[in-house]
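> how does the following fold in three dimensions:
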Amino acid sequence: MTAELYTKIENYMLECMKDSAHDKEHIYRVLYMALDIAKNEPEVDSEVLIIACLLHDIGREEQFKNPELCHAQVGSEKAYQYLLNNGYNEDKASHIRDCILTHRFRSDNPPNSIEARILFDADKLDVTGTIGIARTLLYKALVNEPLYSVDLNRFVLDGTQDTEPSFFHEYKFKLENIYDKFYTERAAQLAKERQLSAASFYQNMLEEVQTCYRMGKTELSEILD
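Sure thing, here's the model as predicted:
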């Protein structure tokens, strides 16, 4: 893959990325992690992998504007048409389309090729550890969702029994459960190294807010008539 071709596709990606939680730096982290994983896997088509990584989230804007759309599906078709319009043959364009289509965490549409599995793993790695925490907080702020929910007695819920979306809910139902969902050994290893920092952040935050509410409610009840 030539530097000129890389720059051309990179520039197209940069035109498409407008989401703060799925920004251009997310793309670069996914690409760099994918290249690290690929060193441990045989017969990886590096050009397919690099292009798929660069273009895997170009459907995010459409999904943000219309949540009924799937960014993986929209992005895969955008990438496919872009590649065909820029001289790529059908086989390679289709391969890249399939990688992008299956990078989203969905049990009914798993990645099949090694390039697709590496992209899937690299993308999921960016939801692990402290970077995953930070990105989730960014997204929750973007869509005006709270850090946590409280019950009728003003007790801070830990996310396991919540019915409304929040950061704690997202952590307990998604972030906490992603660490055994990788296809490659290298990705699983990297995720394991990050797991403790994410769990520690969540637990510390939970203890801080629950303590704040418990002490504050006691103090308030002593003041009020």
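> flag every buried residue along the helix or strand where residue 132 lies.
Using DSSP states H and E, residue 132 sits within helix 129-142. Going by neighbour count (16 or more other Cβ atoms under 10 Å), the buried part of helix 129-142 is 129, 131, 132, 133, 135, 136, 137, 139, 140. All C-beta spots, glycine's among them, are computed from the backbone N, C-alpha and C.
> contacts for that helix, please.
Helix 129-142 is contacted from outside by 19-22, 26, 29, 126-127, 146-147, 165-167, 170-171, 175, 178, 191, 193-195, 197-198, 201-202, using Cβ atoms under 8 Å, 6 or more residues apart in numbering.
> can you give me the end-to-end distance of stretch 63-77?
13 Å (Cα to Cα, to the nearest Å).
> whoops, stretch 173-193 was the one
Span of stretch 173-193 from end to end, Cα to Cα: 20 Å.
> for the nearest residue to residue 180 once chain neighbours are set aside, give me its contacts.
In space, and not counting its chain neighbours, residue 180 is closest to residue 188: 7.8 Å by Cβ to Cβ, 6 or more residues apart in numbering. Listed by Cβ under 8 Å, 6+ apart, the contact partners of residue 188 are 179, 180, 182.
> same question, residue 72
So residue 72 contacts 56, 59, 100, 101, 102, 103, 104 (Cβ under 8 Å, 6+ apart).
> again, only using 10 Å
By Cβ atoms under 10 Å, 6 or more residues apart in numbering, residue 72 lies in contact with 56-57, 59-60, 63, 99-106, 109, 123.
> what does residue 159 give?
Residue 159 neighbours (Cβ under 10 Å, 6+ apart): 148-149, 166-173, 175-176, 202, 206.
> can you add secondary structure and pLDDT and give these back as CSV?
Formatted as CSV, these follow (DSSP: H, G, I helix; E, B strand; the rest coil; pLDDT from 0 to 100):
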residue, secondary structure, pLDDT
148, coil, 96
149, coil, 94
166, coil, 95
167, helix, 96
168, helix, 96
169, helix, 96
170, helix, 95
171, helix, 96
172, helix, 95
173, helix, 93
175, helix, 95
176, helix, 95
202, helix, 97
206, helix, 97
